[in-house]
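Engineer: Need the 3D shape of this:
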Amino acid sequence: MVSAKTTIINPMGMHMRPAQLFVKTITPFGCDVTVIANGREINARSIMNLMAACIKQGTEIEICCNGSNEADCLKAAVALVESGLGE
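Structural biologist: Numbers count the residues shown, from 1 in each chain. Model prediction:
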């Protein structure tokens, strides 16, 4: 398992479009992905779970990847978050 902490920088936080883009980005990788935010563990393969977590701008999250291609998945997920989740 690999993990990294990063901060949500886009102004609207993890709403529908960023959640959809996050899931789309991690889907090709064959590993489990969990986001830890506000003390909760969230299945990052679920758009609805990411949106329901109410992750706002400035929130520090930890992305945890476990399985095949975990390092590549983590790198892609962190890069996406640090780029502003497409916004």
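
Engineer: What is the neighbour count of Ile61?
Structural biologist: 22 (other C-beta atoms under 10 Å). Heads up, the C-betas are built off the backbone N, CA and C, glycines and all.

Engineer: Make sure I have this right: it is in a strand.
Structural biologist: Yes - counting by DSSP: H, G, I helix; E, B strand; the rest coil, Ile61 is part of a strand.

Engineer: SS state for the closest residue to Glu41 other than its chain neighbours?
Structural biologist: Among residues not flanking Glu41 along the chain, Thr34 sits closest, at 5.4 Å (C-beta to C-beta, 6 or more residues apart in numbering). Judged by three-state DSSP, the three-state class of Thr34 is strand.

Engineer: ok, Thr34 - contacts?
Structural biologist: Glu41, Ile42, Asn43, Ala44, Ile63, Cys64, Asn66 (C-beta atoms under 8 Å, 6 or more residues apart in numbering).

Engineer: Can you flag which of those belong to strands?
Structural biologist: Glu41, Ile42, Asn43, Ile63, Cys64, Asn66 (DSSP state E).

Engineer: most surrounded residue in these?
Structural biologist: Ile63 (24 neighbours).

Engineer: Quickly note the distance from the nearest residue to Arg17 once chain neighbours are set aside to Thr59.
Structural biologist: Spatial nearest neighbour of Arg17, chain neighbours left out: Gly86 (6.7 Å); criterion: C-beta to C-beta, 6+ apart. Distance check for Gly86 against Thr59: by C-beta to C-beta, to the nearest Å, it reads 17 Å.

Engineer: Give me the more crowded residue out of those two.
Structural biologist: Shown here are Gly86 and Thr59; by other C-beta under 10 Å, Thr59 has more neighbours (16 against 13).

Engineer: got the contact list for the residue lying farthest from the centre of the chain?
Structural biologist: Largest separation from the mean C-alpha position in the chain: Ser68, at 17.3 Å (C-alpha atoms, centre = their mean). By C-beta under 8 Å, 6+ apart, the residues touching Ser68 are Phe29, Gly30, Cys31.
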